[in-house]
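[1] Output the structure for:
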Amino acid sequence: MARMVLVHGAFGGAWQWEPVLPGLLLVGHEVEALDLPRDPGTSLDDCVDRVCEVLAAGPPAVLVGHSMGGMVITQAAARTPEQVVALVYTCAFIPGDGESLLDLTHYPEAAGDLIQANLVVEGEPPMSTLSDAAAREAIYNCCTDEQAAWALPRRGSQPVGPMAQPFAPQPSTAEAFRALPRRYVTTLQDRCIRPPLQRLMFERAGCDPVVEIDTDHAPYLSRTDELVGALDRLASVS
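    As a prediction, this is how the structure comes out:
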């Protein structure tokens with residue numbers, strides 16, 4: 001069984017992993033879910049610092065990232081590949097060298113993304129928000145009303161910094177980082193990271209295996225048992 005470190009996406013928190021924790025613990029994994037910083041002015045590096053702090057507190061881990069968390073786990077693994085067993089992307093962004101999350105949303109394959117269509121950005125440093133109605137349509141479109149009502153009040157505003165900062169490979173660890181296994185959970189009714197963009201990213205990153213779940217951007221809620229099974233499988237691949 002594996003040590004697993006779970007990293008949430010934009011507007012989220014460690015809370016979003018609560019539904020999957022019992023199932024992962026039941027099959028014997030050691031699981032840690034963390035909160036990323038989200039004060040105004042927070043950068044991608046600040047988020048990576050938090051992940052690396054958690055990684056350093058235990059043995060090498062399977063690093064799981066959801067949505068924007070894919071940016072974070074990619075940079076964390078590039079910084080400390082010796083602390084990472086494998087990368088598991090859950091309907092998550094996978095940047096290429098020098099790419100930011102915002103760069104990825106401009107690909108033709110991202111057309112129809114309801115996050116970018118409804119995002120409100122204000123302030124300096126800029127913070128982004130998404131209304132409950134927009135989030136229900138964009139993120140929780142396969143969730144029951146009860147599931148959505150559990151999640152919506154827990155969301156927060158999101159600093160733009162981690163979305164705008166590009167992934168920067170580390171020359172000193174490049175070989176070890178490239179050797180890390182990459183795996184993917186793709187969500188086929190996703191209105192946030194559209195399935196064509198997910199496919200482009202997981203194919204060019206060489207993710208193997210790829211598990212399909214016929215659901216929205218919140219599989220931890222809408223298809224909890226399926227996601228537990230997928231993460232268990234992907235953490236256990238030798």
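[2] Tell me which stretches of this protein form helices.
    For the chain, the helices defined by DSSP state H cover 21-26, 44-56, 69-79, 101-104, 114-118, 132-138, 145-151, 161-164, 174-178, 195-204, 219-222, 224-236.
[3] Next one: the spatially closest residue to residue 196 that is not a sequence neighbour from residue 134, what distance?
    Nearest residue to residue 196 in three dimensions, chain neighbours excluded: residue 109, at 3.9 Å (Cβ to Cβ, 6 or more residues apart in numbering). Where C-beta positions appear, they are placed from N, C-alpha and C, glycine not excepted. Residue 109 sits 21 Å away from residue 134, going by Cβ to Cβ, to the nearest Å.
[4] For the residue most central in space within the chain, give the beta-bridge partners.
    Nearest to the geometric centre of the chain sits residue 66, at 1.9 Å (Cα atoms, centre = their mean). Note on residue 66: beta-bridge partners by DSSP bridges are residue 90.
[5] Low-confidence stretches in the chain?
    Confidence mapping of the chain against pLDDT under 70 gives the ranges 238.
[6] burial count for the residue nearest to residue 196?
    By other Cβ atoms under 10 Å, 17 other residues sit near residue 109.
[7] picking up where we left off before, tell me which of the helices of the chain sits nearest to residue 186.
    With Cβ to Cβ as the measure, helix 195-204 is the member of those nearest residue 186 (4.8 Å).
[8] Touching the closest one from outside, list them.
    With Cβ atoms under 8 Å, 6 or more residues apart in numbering as the test, helix 195-204 has contacts from 89, 91, 93-94, 96, 104, 107, 109-110, 113, 182, 184, 186-188, 190, 210.
[9] Could you report the neighbour count for the residue lying closest to residue 223 once chain neighbours are set aside?
    Spatially, and ignoring its direct neighbours in sequence, residue 223 is nearest to residue 215 (4.5 Å; Cβ to Cβ, 6+ apart). Residue 215: 21 surrounding residues under other Cβ under 10 Å.
[10] Cross-check the contact I'm expecting between residue 215 and residue 191.
    No: counting by Cβ atoms under 8 Å, residue 215 does not reach residue 191; the two are 11.1 Å apart.
[11] sorry, back to before: buried members of the contacts of helix 195-204 into PyMOL, please.
    Buried residues among the contacts of helix 195-204 (16 or more other Cβ atoms under 10 Å), as a PyMOL selection:
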select buried, resi 89+91+93+94+104+109+110+113+182+184+186+187+190+210
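[12] which ones among the contacts of helix 195-204 are found in strands?
    Using DSSP state E, the members of the contacts of helix 195-204 that fall in strands are 89, 182, 184, 186, 187, 210.
[13] Could you pull up the residues touching the first one?
    Going back to what we said before, that points to residue 89. Applying Cβ under 8 Å, 6+ apart, the residues near residue 89 are 65, 70, 73, 182, 183, 184, 185, 201, 202, 205, 207.
[14] quick one: it and residue 117, what's the gap?
    23 Å.
[15] same thing with the fourth one?
    With distances taken as Cβ to Cβ, residue 186 is found 21 Å from residue 117.
[16] do the fifth one as well
    Residue 187 sits 18 Å away from residue 117, taking Cβ to Cβ as the criterion.
[17] Check the second one too.
    In this structure, residue 182 lies at 29 Å from residue 117, with Cβ to Cβ as the measure.
[18] Tally up the residues packed near residue 74, please.
    Neighbourhood size, residue 74 [other Cβ under 10 Å]: 28.
[19] can you pull the contacts of it?
    65, 87, 94, 95, 167.
[20] let's see it at 7 Å
    Residue 74 makes contacts with 94, 95, 167, as judged by Cβ atoms under 7 Å, 6 or more residues apart in numbering.
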